[in-house]
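Asker: Fold the stuff below for me.
(chains A and B)
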Amino acid sequence: QKEVEQNSGPLSVPEGAIASLNCTYSDRVSQSFFWYRQYSGKSPELIMSIYSNGDKEDGRFTAQLNKASQYVSLLIRDSQPSDSATYLCAVNIGGNNRLAFGKGNQVVVIP
Amino acid sequence: EPEVTQTPSHQVTQMGQEVILRCVPISNHLYFYWYRQILGQKVEFLVSFYNNEISEKSEIFDDQFSVERPDGSNFTLKIRSTKLEDSAMYFCASSETYGYTFGSGTRLTVV
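Answerer: Model (predicted):
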């Protein structure tokens, strides 16, 4: 079983709509969860971190964590063309600082 | 805003040659990492470094790889004898605890 899975294909959303991304992870000990944004040819940029079950909101971004289901999600409200990027889910593994990354979900916001 | 600096941004090397990738982490960060991303694939963990020693390494980080913190600011990744399959983006990252800041990366091309 992969450590972090992001199975959805490219996601196209109209400008102003909500983009919803999902991620599952395998390590029940994991305590820290992150969403990174990566533009083509660039490095990952941290946009959200979440450590407790429930929702965490930061501007137009909301992260949701359900440890019982080993599930993390990211909502992007009022999507803008500048949100077009690949979104990487990352989970700390084994209780230490190593992060395992999912393969990413490409989001395309259509003006 | 503090940033992680990586040099060079792009390096081309012949197969079998040694390369050194350089990083200057954020000054008050305690944990340092190297990750790589082969084109079109996910970000993969190579090694983590804390308190002047390797704290964890992946199976990718074999004997041809080494890391050093030669002074108080630099953190280097050395690949002793490069292979074609080492071609990738190499990202340095640093953190205080969780939630890394990534550098802009070095694109390594082995020919």
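
Asker: Please count neighbours and contacts with C-alpha atoms only from this point.
Answerer: Noted.

Asker: which stretches of chain A aren't confidently modelled?
Answerer: A:95-96 (pLDDT under 70).

Asker: of all the residues in it, which ones are close to chain B?
Answerer: A:32, A:34, A:42-46, A:49, A:97-104 (Cα under 8 Å from any Cα of the partner chain).

Asker: Now which of the residues you listed would you call buried?
Answerer: A:32, A:34, A:43-46, A:49, A:97-104 (16 or more other Cα atoms under 10 Å in any protein chain shown).

Asker: A:Leu74 and chain B, how far apart?
Answerer: Using Cα to the nearest Cα, to the nearest Å, A:Leu74 is found at 16 Å from chain B.

Asker: Quick one: neighbours of the nearest residue to B:Ser27 once chain neighbours are set aside, just the number.
Answerer: Among residues not flanking B:Ser27 along the chain, B:Ser73 sits closest, at 7.1 Å (Cα to Cα, 6 or more residues apart in numbering or on different chains). Applying other Cα atoms under 10 Å in any protein chain shown, we find 11 residues neighbouring B:Ser73.

Asker: How about B:Ser81?
Answerer: For B:Ser81, using other Cα under 10 Å, the count is 15.

Asker: got the contact list for B:Pro70?
Answerer: B:Thr76 (Cα atoms under 8 Å, 6 or more residues apart in numbering or on different chains).

Asker: and if you look at A:Ser40?
Answerer: If you count contacts by Cα under 8 Å, 6+ apart, then A:Ser40 has A:Ala85, A:Thr86 around it.

Asker: returning to what we had before: quick one: the residue nearest to B:Ser27 and A:Ser30, what's the gap?
Answerer: Relative to A:Ser30, B:Ser73 is positioned 30 Å away (Cα to Cα, to the nearest Å).

Asker: these two touch, right, the residue nearest to B:Ser27 and B:Pro25?
Answerer: Yes - look at B:Ser73 against B:Pro25 with Cα atoms under 8 Å: they come within range, at 6.9 Å.
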